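Participant: quick one: sequence plus predicted model below, questions after.
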Amino acid sequence: MSKNKDARVTISLECTSCVQKETGERSTGVSRYTTRKNRRNTPTRLELKKYCIYCNKHTIHKEYKK
């Protein structure tokens with residue numbers, strides 16, 4: 001069997017406002033989501049507006065490396 005380089009990869013999205021808060025003051029946590037994206041159609045880093053349970057509002061979540 002040959003190893004196939006799959007076009008779909010699993011990525012993690014992290015809340016940008018929780019990460020900024022963590023440096024200055026004590027944060028309760030960082031909101032993270034997992035999703036899949038097509039590497040060929042979206043080669044750049046993904047940014048989605050998702051709900052953050054720690055900020056209690058919709059914020060921008062960016063793709064980050066593990």
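Facilitator: That came through fine. This one's a predicted model, so the numbers in the text were calculated from it and none came from an experiment. Numbers count the residues shown, from 1 in each chain.

Participant: report the helix or strand with the lowest average pLDDT across this structure.
Facilitator: helix 16-24 (a mean of 68; mean pLDDT, DSSP states H and E).

Participant: so what does the helix or strand just after that helix touch, helix or strand wise?
Facilitator: For helix 16-24, the following helix or strand on the C-terminal side (DSSP states H and E) is strand 32-38. With contacts defined as 3 or more C-beta pairs under 8 Å, 6 or more residues apart in numbering; DSSP states H and E, strand 32-38 has these neighbours: strand 8-15, strand 47-52, strand 57-64. Quick note: C-beta positions are derived from backbone N, CA and C, even for glycine.

Participant: so which of these gets nearest residue 41?
Facilitator: strand 8-15 (10.0 Å; C-beta to C-beta).

Participant: what sits up against that closest one?
Facilitator: For strand 8-15, the external contacting residues (C-beta atoms under 8 Å, 6 or more residues apart in numbering) are 30-39, 46, 48, 50, 52, 54-55, 59-64, 66.

Participant: and the pLDDT for the nearest residue to residue 29 once chain neighbours are set aside?
Facilitator: Using C-beta to C-beta, 6 or more residues apart in numbering and skipping the chain neighbours, the partner closest in space to residue 29 is residue 54 (5.4 Å). Looking at residue 54, its pLDDT stands at 87.

Participant: residue 54 touches residue 32, doesn't it?
Facilitator: No. Between residue 54 and residue 32 there is no contact, the gap being 10.5 Å when judged by C-beta atoms under 8 Å.
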